[in-house]
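A.B. asks: model this:
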Amino acid sequence: MRHTTSRRVLIAILSLALAAATLVGVRTVRHALYWADPAHRNVAPEGWMTLGYLERSHHLTHRSLGPALGLTPQPGDPLSLEEIADRRGEPLAQLLTEVADVIAAQKR
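C.D. replies: The predicted model follows:
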């Protein structure tokens, strides 16, 4: 009886490990395919995008756009460009132009 119980526990542990490894593998492949698509590379800034999205799209250093725009990292969910413009009290179009200029400067 004891031998069967330990075998079931071992099978359950191995099954959970396999499921976790599969989940991580699928997420990694999805991430790689998403960013390999040319439609997601070097995109023009839009209001729904976050700074991290733009950094990945333009192959910039992680967390480089925020300091260049005079922003300090905030805990919690990342803000979209629209939310950043609202908090700064400026029009979204002005922020989009500023972000595009900073991206162009960082690519040089």
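
A.B. asks: what sits against residue 52?
C.D. replies: 62, 63, 78 (C-beta atoms under 8 Å, 6 or more residues apart in numbering). Placement of C-beta: from N, CA and C, glycine included.

A.B. asks: same for the lowest-mean-pLDDT helix or strand in the chain, what does it pack against?
C.D. replies: Ranked by mean pLDDT, DSSP states H and E, the weakest helix or strand in the chain is helix 65-68, scoring a mean of 90. Judged by 3 or more C-beta pairs under 8 Å, 6 or more residues apart in numbering; DSSP states H and E, helix 65-68 is in contact with helix 51-57, helix 92-107.

A.B. asks: any idea which of those is most buried?
C.D. replies: helix 51-57 (a mean of 18; mean count of other C-beta atoms under 10 Å).

A.B. asks: name the residues linked to the residue nearest to residue 48 when sequence neighbours are not counted by a beta bridge.
C.D. replies: Excluding its sequence neighbours, the residue lying closest to residue 48 (C-beta to C-beta, 6 or more residues apart in numbering) is residue 80, at 5.4 Å. Beta bridges link residue 80 to residue 50, judged by DSSP bridges.

A.B. asks: from memory residue 80 sits against residue 45, does it?
C.D. replies: No: using C-beta atoms under 8 Å, residue 80 is not in contact with residue 45; the gap is 10.5 Å.

A.B. asks: residue 101: which of the contacts of residue 52 is nearest?
C.D. replies: residue 63 (18.4 Å; C-beta to C-beta).

A.B. asks: what residues are up against the closest one?
C.D. replies: 51, 52, 55, 73.

A.B. asks: ok, residue 93 next?
C.D. replies: Contacts of residue 93 (C-beta under 8 Å, 6+ apart): none.
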